[in-house]
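>>> Quick one, what's the 3D model for this:
(4 chains)
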There are 2 protein chains.
Amino acid sequence: MSSPPQTDKSPALIWLREEPGTRRPSHSRAQIAAAAVRIADTEGFDAVSMRRVAQELGAGTMTLYHYVRNKDELVLLMNDTVMGEVLVPDGELPSGWREAITTIARRSRAAFERHRWTLDRVTDISIGPNGIKHFEQSLEAVQDTGLPAEQRLGLISLVDEYVFGYSLRETIDFGGETGDEQWPPGTLELFERELESGAYPRIGSLIADELHTDNVADGTRRVMQIISQPERFEEGLRQLLDGIEAGMGSPPKSG
Amino acid sequence: MSSPPQTDKSPALIWLREEPGTRRPSHSRAQIAAAAVRIADTEGFDAVSMRRVAQELGAGTMTLYHYVRNKDELVLLMNDTVMGEVLVPDGELPSGWREAITTIARRSRAAFERHRWTLDRVTDISIGPNGIKHFEQSLEAVQDTGLPAEQRLGLISLVDEYVFGYSLRETIDFGGETGDEQWPPGTLELFERELESGAYPRIGSLIADELHTDNVADGTRRVMQIISQPERFEEGLRQLLDGIEAGMGSPPKSG
DNA sequence: CGTTGATATCGTACATCGTACGCACAAGCT
DNA sequence: AGCTTGTGCGTACGATGTACGATATCAACG
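Numbers count the residues shown, from 1 in each chain, chains lettered A, B, ... in the order given. Below you'll find the predicted structure:
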């Protein structure tokens, strides 16, 4: 009776199971993950099917199931691959906590931007080896704050959450610099119709009086342009860190 | 030749197309969306299939396609339904900008917590009527800041992004108060194995020296507990707003 | 070197999904 | 009444994830 290594009663989490290797396998988890990432990057996340990945590797579809228990595990590998790109190379982490955490944040955002699909299936994410390394690196970054453990963890999480939220919003990507409408077709018309109802006085006066546009379409375009300005990432991060730093002088509750 | 209203060349965006209504239809978009939301809440987002939603309504599967062009549009309806819950009821918006934006942020987070699946398919989100109302309401909240349009938009977006990021992180939900492991099975073992390698000095000293736990499992548990403390939402929001407020006195570039 | 048994590959089959197609029915019109 | 067409839905098809089990291949041992 054959017993494929990925189907038995071994640990549930893929990182805890050995990958095939005793008898020279044709592939590796890393190769498979890389192929899947390549497909997601070029053809979108929905194009990543077990058949498509297998084809990319010149293998039979079911072969993948010897390296991975199911598709969710493949997605886990893909996500951890991206987390690998989030890591700051050895020695490149600045010494001051603000600069260090900023470097990490920038790198994270860049990785998510390169692989926008990462945020697609973000809910069923699980922390992998590279996620742990990212955690270690974040701890290293905030070491010299002198804050107690709870607050250092809060600081790290807060920045992670900001980067996550910003990147997520970025993937929706209202019109970039191309001039072409990047947002879903019809959005402009929807705004036009809704604004004509007069039920949105603030939006109306914003685009008419402040942005000096004389029609709703141009005004909406301008608003989206402003929101999707890339500089907003740095500015938001700076404001967030300012707020954190301001509270660092004295303990949070007392004094 | 029959021409179903949702399959013709009419506007691409669902909100711009009339829903069936001339000849007393058996359902409505709102009903369908509500049914889908109910299913997602109770059985998870993956359980929302066209067949399942139709069954919930006692209708034939293909009937839904008279109200909606495809499943993505149904998801749009679902998301806009949630955005409806994000809206602050008339008259309940506080007058000061900080309190107002905080109220909106809290409500958003609460809605996302009630419907965690919202963040699942967040990438292909499109703004709907309730999204526009949320925008109007956010503008109203920051009206009295006296900031120029660009900065008010930046402020609104920044807070939205924080709430998004925080909620997203919350859905992953490392162990809550239940004591039961909420995070994916095996995570603890992974940490144990990785930490034993000694490659993570900061994590190691954090859980050993600062959190006073004498084994990796307890330390990891404690870390996740700290990160998922619900008070962190308010604290992070406060810090973010502090940072914003600090920069409000003087213009951003000059001075 | 031949035998053996685990390891690795993958073809077939099936349940489930989204949805194209087109017929049946009946509501509203003249 | 008869016609038009909005509405409901049964059937069918292609795609997907993956269970099952047959096959091929290699390491180890005699």
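>>> center of chain A, which residue is that?
Nearest to the geometric centre of chain A sits residue A:112, at 4.1 Å (CA atoms, centre = their mean).
>>> tell me the phi and psi of it?
phi -70, psi -30 (degrees, to the nearest 10).
>>> Quick check: closest non-adjacent residue to it.
Once flanking residues are discounted, residue A:112 sits nearest to residue A:167: 4.0 Å by CB to CB, 6 or more residues apart in numbering or on different chains. For every residue, glycine as well, the C-beta is placed using N, CA and C.
>>> Do I have it right that that neighbour meets residue A:110?
No - with contact defined as CB atoms under 8 Å, residue A:167 does not reach residue A:110; the gap is 9.5 Å.
>>> which residues of chain A score low on pLDDT?
Across chain A, the ranges flagged by pLDDT under 70 are A:1-9, A:123-124, A:173-182, A:250-255.
>>> quick check: angle from the longest helix seen in it to helix B:149-172?
Counting by DSSP state H, the longest helix found in chain A is helix A:149-172. Angle, helix A:149-172 to helix B:149-172, by axes from the mean of the first three to the mean of the last three CA atoms, to 10 degrees: 110 degrees.
>>> measure the nearest residue to residue A:208 once chain neighbours are set aside to DNA strand D for me?
Leaving aside its chain neighbours, residue A:208 sits nearest to residue A:219 (6.9 Å; criterion: CB to CB, 6+ apart). For residue A:219, the distance to DNA strand D (CB to the nearest atom of the strand, to the nearest Å) stands at 34 Å.
>>> cool, and residue A:92?
From residue A:92 to DNA strand D the distance is 37 Å (CB to the nearest atom of the strand).
>>> what residues are up against residue A:217?
A:188, A:191, A:192 (CB atoms under 8 Å, 6 or more residues apart in numbering or on different chains).
>>> what element comes up after the host helix or strand of it heading to the C-terminus?
Following DSSP states H and E, one finds residue A:217 within helix A:216-227. Helices and strands here follow DSSP H and E; after helix A:216-227, the next one along the chain is helix A:231-246.
>>> Once you drop chain neighbours, what's closest to the closest residue to DNA strand C within chain A?
Residue nearest to DNA strand C within chain A (CB to the nearest atom of the strand): residue A:60, separated by 2.3 Å. Excluding the flanking residues, the one nearest residue A:60 by CB to CB, 6+ apart is residue A:54, at 6.1 Å.
>>> got the buried residues for the helix or strand hosting that neighbour?
Element membership for residue A:54 (DSSP H and E) is helix A:50-57. Buried residues in helix A:50-57, counted by 16 or more other CB atoms under 10 Å in any protein chain shown: A:50, A:53, A:54, A:56, A:57.
>>> who does it touch, helix- and strand-wise?
helix A:29-43, helix A:71-86 (3 or more CB pairs under 8 Å, 6 or more residues apart in numbering or on different chains; DSSP states H and E).
>>> Redo those helices as TSV? Include mean neighbour count.
Shown next, in TSV, are the helices and strands packed on helix A:50-57 (neighbours: other CB atoms under 10 Å in any protein chain shown):
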stretch	mean neighbour count
helix A:29-43	18
helix A:71-86	20
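>>> could I get the ones you listed as JSON lines with distance to DNA strand C?
What follows is the helices and strands packed on helix A:50-57, written out as JSON lines (distance: least, CB to the nearest atom of the strand, whole Å):
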{"stretch": "helix A:29-43", "distance to DNA strand C": "10"}
{"stretch": "helix A:71-86", "distance to DNA strand C": "13"}
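>>> looking at the ones you listed, which is closest to residue A:144?
helix A:71-86 (21.4 Å; CB to CB).
>>> near DNA strand D, anything from the closest one?
Yes - Helix A:71-86 is in contact with DNA strand D by CB under 7 Å from any atom of the strand, via A:71, A:72.
>>> again with stretch A:38-51
Yes - interface with DNA strand D: stretch A:38-51 contributes A:48, A:49, A:50, A:51 (CB under 7 Å from any atom of the strand).
>>> Now do the end-to-end distance for that stretch.
This stretch, stretch A:38-51, spans 14 Å end to end (CA to CA, to the nearest Å).
>>> Run through who's touching that stretch.
A:36, A:52-53, A:56, A:61, A:64, A:71, A:74, A:78, A:114-115, A:117, A:120-121.
>>> so how far is that stretch off the chain centroid?
Distance, stretch centre to chain centre, for stretch A:38-51: 17 Å (CA atoms, centre = their mean, to the nearest Å).
>>> Likewise for stretch A:147-164?
17 Å.
>>> One more: stretch A:12-29?
27 Å.
>>> What residues of it count as buried?
A:13, A:14, A:15, A:17, A:19, A:20, A:27, A:29.
>>> same question, stretch A:141-148
Buried residues in stretch A:141-148 (16+ other CB under 10 Å): A:141, A:142, A:143, A:145, A:147.
>>> just to revisit the earlier point, the more surrounded of residue A:167 and residue A:110?
Legend: neighbour count by other CB atoms under 10 Å in any protein chain shown for residue A:167 and residue A:110, higher for residue A:167 (23 against 13).
>>> list the contacts for that one?
A:108, A:109, A:112, A:113, A:119.
>>> ok, now which ones touch residue A:79?
Residue A:79 touches A:118, A:121, A:125, A:128, counting by CB under 8 Å, 6+ apart.
>>> Residue numbers of chain A in contact with DNA strand C?
A:2-5, A:20-27, A:59-63, A:65-67.
>>> contacting residues around residue A:237?
Per CB under 8 Å, 6+ apart, neighbours of residue A:237: A:102, A:105, A:159, A:162, A:163.
>>> one more time with 7 Å
Listed by CB atoms under 7 Å, 6 or more residues apart in numbering or on different chains, the contact set of residue A:237 reads A:102, A:105, A:162.
>>> Hmm, residue A:154 is touching residue B:232, no?
Yes - using CB atoms under 7 Å, residue A:154 is in contact with residue B:232, at 5.8 Å.
>>> and the two? which has more neighbours close in?
Counted by other CB under 10 Å, residue A:154 and residue B:232 do not tie: residue A:154 has more neighbours, with 23 against 20.
>>> From residue B:229, how far out is that one?
8 Å (CB to CB, to the nearest Å).
>>> With residue A:64 instead?
Distance from residue A:64 to residue B:229, by CB to CB: 39 Å.
>>> try residue A:158
12 Å.
>>> higher neighbour count, the two?
residue A:158 (25 against 15).
>>> Tell me how many other residues crowd the closest residue in space to the more buried one that isn't next to it in sequence.
Leaving aside its sequence neighbours, residue A:158 sits nearest to residue B:236 (CB to CB, 6+ apart; 4.7 Å). Using other CB under 10 Å, residue B:236 has 24 other residues around it.
>>> One more: residue A:213?
Count around residue A:213 with other CB under 10 Å applied: 17.
>>> same thing with residue A:187?
Neighbour tally, residue A:187, other CB under 10 Å: 24.
>>> ok, back up a step: so which of the contacts of residue A:79 are also by DNA strand D?
Within the contacts of residue A:79, nothing lies near DNA strand D by CB under 7 Å from any atom of the strand.
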